[in-house]
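>>> Starting from these lines, generate the structure:
(chains A, B, C and D)
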Number of protein chains: 2
Amino acid sequence: MRRKSTVLTQQELEIMKVVWEHDTVTVRDVYETLLKRRKVAYTTVMTMMKILEQKKYLKKNQTDRAHVYRPAQPRGKVIGAMVRDFVNRVFNGSAEPLLVHLVEEHDLSAEDLEEIARLRKDRP
Amino acid sequence: MRRKSTVLTQQELEIMKVVWEHDTVTVRDVYETLLKRRKVAYTTVMTMMKILEQKKYLKKNQTDRAHVYRPAQPRGKVIGAMVRDFVNRVFNGSAEPLLVHLVEEHDLSAEDLEEIARLRKDRP
DNA sequence: CGAATAGTACTAAATAGTTAGTATGAGACG
DNA sequence: CGTCTCATACTAACTATTTAGTACTATTCG
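Predicted coordinates for the structure are as follows:
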């Protein structure tokens, strides 16, 4: 089936989170991790992981019995794309308004911000 | 049809952006604004606005000929909910990693951050 | 060996979201 | 007054995403 979304969809993200945590996984690994949180079928996880492979988020290599999957792209890059997509869609591409929301609605102190600012200065 | 998403979907957001810009709109107003950007049918816009009314994002009052819609919730509140949802889904609820992404991937200077921090200090 | 187990591929279908057509009615207007 | 225009309600259908069943193959193990 053709997929439209360029960034990860909700369920794809859930699976990628598990993959990034473990770095190297089988379908069973992901299945069992997800099962702890919610009911899901093994084949559902398999289907999603196949889609993720087609979309170049995962790569697999046949080790012995089961396929072994690993991330095809670093976490930071993928999440970064999601952030950029969100900023584009919701804030028409400008990050400042999002910052303001974060400061107002989450408990971010001035100190948090200063620390980030410091980090920014160190790596210009 | 039953809707699942609690926050605004992509197309719902596009329409709400137009509504917030104008504050008081008819279906035709929104339709014509959207048309400038992409092909869309009048009835499509109408359907979406009806859904938005059901979801309590819009309220309408029959003024004379056409229904007049206005936002049922302030922009900041709705966008804030979207930000919170995003932070929950992508960052498991913690805002700091999102901040780091914003700093690294968008062109946010240390000065920007300091200004936000100042704003934060003024309104604790 | 032969049954149970674990894995994959292929396929189907349910759910969510988006788009738009058709019927219908009320007011404008020649 | 009959017709044109614009608006709505209802409905249908398409696309995207998610979920999972079934058939088949290889491996394990008593």
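>>> Would you mind measuring from residue A:6 to residue A:19?
Distance, residue A:6 to residue A:19, using Cβ to Cβ, to the nearest Å: 19 Å. Just so you know, the C-beta spots here come from the backbone N, C-alpha and C atoms, and that holds for glycine as well.
>>> One more: residue A:79?
For residue A:79, the distance to residue A:19 - Cβ to Cβ - is 13 Å.
>>> again, but for residue A:86
On the measure of Cβ to Cβ, residue A:86 and residue A:19 end up 21 Å apart.
>>> So for these two, which residue has more residues nearby?
residue A:19 (22 against 19; other Cβ atoms under 10 Å in any protein chain shown).
>>> gap between that one and residue A:92?
Residue A:19 is 32 Å from residue A:92, by Cβ to Cβ.
>>> quick check: domain ranges of chain A?
What automatic domain parsing lists as the domains of chain A is A:10-71, A:75-122.
>>> wait, what's in contact with residue A:7?
Residue A:7 makes contact with A:81, A:82, A:85 under the criterion Cβ atoms under 8 Å, 6 or more residues apart in numbering or on different chains.
>>> out of those, which is most surrounded?
Per-residue neighbour counts (other Cβ under 10 Å) across the contacts of residue A:7 peak at residue A:82, which has 19 neighbours.
>>> Which residues lie in contact with that one in this structure?
A:7, A:8, A:13, B:90.
>>> Could you identify the buried members of these?
By neighbour count, with 16 or more other Cβ atoms under 10 Å in any protein chain shown, the contacts of residue A:82 hold A:8, A:13, B:90 as buried.
>>> Please name the nearest non-neighbouring residue to residue A:42.
residue A:31 (5.1 Å; Cβ to Cβ, 6 or more residues apart in numbering or on different chains).
>>> and stretch A:8-24, which residues are buried?
Going by 16+ other Cβ under 10 Å, stretch A:8-24 has these buried residues: A:8, A:12, A:13, A:14, A:15, A:16, A:17, A:18, A:19, A:20.
>>> So which of the residues you listed are in helices?
A:12, A:13, A:14, A:15, A:16, A:17, A:18, A:19, A:20 (DSSP state H).
>>> Throw those residues into JSON lines and include distance to residue A:55 and pLDDT, thanks.
Compiled in JSON lines, these are given as follows (distance: Cβ to Cβ, whole Å; pLDDT from 0 to 100):
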{"residue": "A:12", "distance to residue A:55": "8", "pLDDT": "98"}
{"residue": "A:13", "distance to residue A:55": "12", "pLDDT": "98"}
{"residue": "A:14", "distance to residue A:55": "15", "pLDDT": "98"}
{"residue": "A:15", "distance to residue A:55": "12", "pLDDT": "98"}
{"residue": "A:16", "distance to residue A:55": "10", "pLDDT": "98"}
{"residue": "A:17", "distance to residue A:55": "16", "pLDDT": "98"}
{"residue": "A:18", "distance to residue A:55": "16", "pLDDT": "98"}
{"residue": "A:19", "distance to residue A:55": "13", "pLDDT": "98"}
{"residue": "A:20", "distance to residue A:55": "15", "pLDDT": "98"}
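>>> Closest one of those to residue B:24?
Lowest distance from residue B:24 to these (Cβ to Cβ) belongs to residue A:13, with 37.5 Å.
>>> In chain A, which helix is the longest?
helix A:75-91.
>>> Could you check how far residue A:62 is from residue A:45?
From residue A:62 to residue A:45 the distance is 18 Å (Cβ to Cβ).
>>> Which of those two has more residues huddled nearby?
Just comparing residue A:62 and residue A:45: by other Cβ under 10 Å the higher neighbour count belongs to residue A:45, 23 against 8.
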